[in-house]
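J.: The following comprises the amino acid sequence and a computationally predicted model.
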Amino acid sequence: MNSLATPAAAGPADDAARPRPDLDVLAEVASGLGYVRAERFAERVYESLFYAIATGKIAPGGRLPSEMELAALFEVSRPVVRQALDRLREDQLVESRRGSGSYVRAKPDLMGGLPAMDPAKRVSHILEGLELRRVIEPECAYLAALRRTDADLRDMDRMLTGYEEADASGAIAHHHDYGFHRAIAAATGNQRFVQVLKSLEYDVSHAVNLMRHLVHIQPWKRTRAAIEEHRHIYRLIRDQDAEGARNVMRAHIEKARSRMLNSGSET
């Protein structure tokens, strides 16, 4: 893949450049991602690091390779690596130590505060979360259509626009996806709904990342279908079609589940 992954001749300088075990692990993870369009490189780096952390390939407390090493490993620029690392920090998966680098947090909050679990249990947890969303979110959409304010609509539109722009540029976009669902919950005027959605944030953000690696799905490609489903829900809430919003949200959650479980589908 690059010079970091090839054997080096003996010598002090070459020893320093030779892959460390953590680079070997990440090279293995990255090799399973297949072809990725150039504008999606930040997403590729983020997902690879997320998977390595989620599966314990890089243990809690472990130091990540340097920006330069990651850039060479993934054959991307350092600004691309920084974007991926920034998102990992926002997700509270890694922390920076001045003058030392980036480290996996001692207890990375991968699953909304749940303790570490084997892959099968993680999948079960994700599916349980989707089952809960299938009950909660259609009612959120129904109530949001009845109660939404102009400010609520602006929040939803802002998240949708951010999602579309991030998807078009290949930037990391899942926080806009979650933000749209959170904005709908907020529009109900019932903070309990917001709290439930918050408890599912990591399911919304990471389910596809985890599932596609566990079942060897090809790289995550956000589709226009998912974005159009969001736009449809937004229009129904804007027009105060409560029943329509409820039905389309229910269908959206079902489709999200199908996309996640179907290894041949884009998500």
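T.: On my side now, so go ahead. Numbering: from 1, shown residues only.
J.: ok, for residue 70, nearest residue in space, not its chain neighbours?
T.: Leaving aside its sequence neighbours, residue 70 sits nearest to residue 81 (C-beta to C-beta, 6 or more residues apart in numbering; 4.7 Å). Glycine gets a C-beta too; all of them are placed from N, C-alpha and C.
J.: I'd like to know which elements the helix or strand harbouring the one you found is packed against.
T.: Using DSSP states H and E, residue 81 sits within helix 78-90. Helices and strands touching helix 78-90, as assessed by 3 or more C-beta pairs under 8 Å, 6 or more residues apart in numbering; DSSP states H and E, comprise helix 41-54, helix 67-74, strand 94-97, strand 101-104.
J.: mind redoing it with 7 Å?
T.: Helix 78-90 is packed against helix 41-54, helix 67-74, strand 94-97, with contacts defined by 3 or more C-beta pairs under 7 Å, 6 or more residues apart in numbering; DSSP states H and E.
J.: Which among the ones you listed is found nearest to residue 248?
T.: Of all the helices and strands packed on helix 78-90, helix 41-54 sits nearest to residue 248, with 27.0 Å by C-beta to C-beta.
J.: average pLDDT across the closest one?
T.: Mean pLDDT, computed over helix 41-54, is 77.
J.: can you give me the angle it makes with helix 67-74?
T.: 100 degrees (axes from the mean of the first three to the mean of the last three C-alpha atoms, to 10 degrees).
J.: List the buried residues for the helix holding residue 81?
T.: Residues of helix 78-90 classed as buried: 80-81, 83-85, 87-88 (neighbour count, 16 or more other C-beta atoms under 10 Å).
J.: Ok, stretch 94-102 next?
T.: 94, 102.
J.: what's next to that stretch, contact-wise?
T.: 63-64, 66, 85, 88-89, 103-105 (C-beta atoms under 7 Å, 6 or more residues apart in numbering).
J.: hey, where'd the helices end up in the stretch 51-200 of the chain?
T.: Here the stretch 51-200 of the chain has its helices, by DSSP state H, counting those that start in this stretch, at 67-74, 78-90, 119-147, 150-169, 174-187, 191-199.
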